[in-house]
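Student: Output the structure for:
(one chain, ligands or ions: 2)
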Amino acid sequence: MTIERASELLASARTGLAMTGAGVSAESGIPTFRGEGGLWSRYDPVKVASIDSFLEDPAGYWRVARERGPAVLAARPNPGHIALAALEKAGRLVGVVTQNTDGLHQDAGSRRVVELHGSGRAVQCLDCGTRERRSEVQARLDVEMPPRCRACGGALLKPTVVLFGEPMPIPAVEEAFTLAKAADVMLVVGSSLVVYPAAQVPLKAVEAGAALIVVNAEPTPFDRLATVVIHGRSGEVLPQLAALLSAA
Ligand code: APR
Ligand code: ZN
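Tutor: Ligands and ions are numbered 1, 2, ... in the order given. As a prediction, the model looks like this:
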């Protein structure tokens, strides 16, 4: 059975690496971007989540952020996040590269988390660089749209996440590719694997000889490269995987 095969691969992993996407947080109540009910089925990502549209119409961005805010800020790690932290603790994974900005891997106890798209837990002033907690800004979005910097009296605030058209954080990208090239097993969970350069991370791992395991609710373009493909919910599959490994 595929889950046994996946646990065999991970049982012998010395430099296993996980990469996650929005699907791993879906069971924490955070809607994904693509797939069933995804955010991009209701909004045009380029219109809403690109740096150009943000600068042109910051209120447009912040209105969507205000809508998503409560679910993201209230989200807690689900059994999928917790299983990945357990696999790292057991030495089966060296860490998690994530496209998510929700901070749930850190909350679940993962120690090495590489955030390719930044963190949604903070916002930063585009003028003076002052940072504030995203949760504090959420509280004033009903009376302040778009939210303004309190430190310098009024410049725009932007979450410390990578928007379309923005460069990704070089240190995070470099760390992700270094870990991928050294990986003997690459476990990709909950990503549609259509956004680059993030999707290059598992490619680099496979090119360097890693065995690829894909866990996703629906098929991905990388399924054909995978040694094991498990179509299922990460909150169910990952704990089963961790349980098999701890019983091994
Ligand atoms: N378990 C496993 N997979 C799931 C679950 C679940 N419970 N729920 C949904 N999925 C799958 C979906 O089928 C989909 O293929 O997770 C995948 C999520 O894909 P996306 O929404 O495209 O998320 P992601 O791959 O992380 O997107 C990459 O695109 O919009 C940008 O910056 C944004 O980081 C994001 C990037
Ligand atoms: Zn400022």
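
Student: most residues in a single helix of this protein, which one?
Tutor: helix 58-74 (DSSP state H).

Student: do the following helix or strand past that helix and ligand 1 meet at all?
Tutor: Once helix 58-74 ends, the next helix or strand along the chain (criterion: DSSP states H and E) is helix 79-89. No: with CB under 6 Å from any ligand atom as the criterion, ligand 1 is not reached by helix 79-89; the gap is at least 7.0 Å. For every residue, glycine as well, the C-beta is placed using N, CA and C.

Student: which helices and strands does helix 79-89 pack with?
Tutor: Counting contacts by 3 or more CB pairs under 8 Å, 6 or more residues apart in numbering; DSSP states H and E, helix 79-89 is packed against strand 17-20, strand 95-98, helix 104-108, helix 234-247.

Student: and stretch 99-108, does that touch ligand 1?
Tutor: Yes: counting by CB under 6 Å from any ligand atom, ligand 1 has neighbours in stretch 99-108: Q99.

Student: If we ignore the residues flanking it in sequence, what's nearest W40?
Tutor: Counting by CB to CB, 6 or more residues apart in numbering, W40 lies nearest to F33, which is 5.0 Å off, once chain neighbours are set aside.

Student: thought that neighbour was touching D44?
Tutor: No: with contacts counted by CB atoms under 8 Å, F33 stays clear of D44, the gap being 11.7 Å.

Student: neighbour count winner among these two?
Tutor: Remark: of F33 and D44, F33 carries more neighbours, 19 against 10, as counted by other CB atoms under 10 Å.

Student: if I look at the residue sitting nearest the centre point of the chain, how far off is C152?
Tutor: Residue closest to the average C-alpha location in the chain (CA atoms, centre = their mean): N100, at 2.0 Å. Between N100 and C152 the distance is 30 Å, computed by CB to CB, to the nearest Å.

Student: swap in R112?
Tutor: For R112 relative to C152 (CB to CB), the value is 35 Å.

Student: what do you get for V72?
Tutor: Taking CB to CB, one finds V72 at 26 Å from C152.

Student: Could you do R233 as well?
Tutor: For R233, the distance to C152 - CB to CB - is 45 Å.

Student: Which of these two has more residues huddled nearby?
Tutor: R233 (19 against 13).

Student: For the more buried one, which residues are in contact?
Tutor: Listed by CB atoms under 8 Å, 6 or more residues apart in numbering, the contact partners of R233 are A26, E27, G80, A217.

Student: So what's the residue count around the first one?
Tutor: Going back to what we said before, that points to A26. 22.

Student: The second one now?
Tutor: E27 has 18 neighbouring residues, counting by other CB under 10 Å.

Student: give the contact list for it.
Tutor: E27 neighbours (CB under 8 Å, 6+ apart): N78, P79, G80, R233, S234, G235.

Student: again, only using 7 Å
Tutor: By CB atoms under 7 Å, 6 or more residues apart in numbering, the contact list for E27 reads N78, G80, R233, G235.

Student: One more: the first one?
Tutor: For A26, the contacting residues are T32, G190, taking CB under 7 Å, 6+ apart as the criterion.

Student: What's the per-residue pLDDT of it here?
Tutor: pLDDT, A26: 96.

Student: any idea how far it is from E56?
Tutor: 30 Å.

Student: I'm done for today, thanks for sticking with me.
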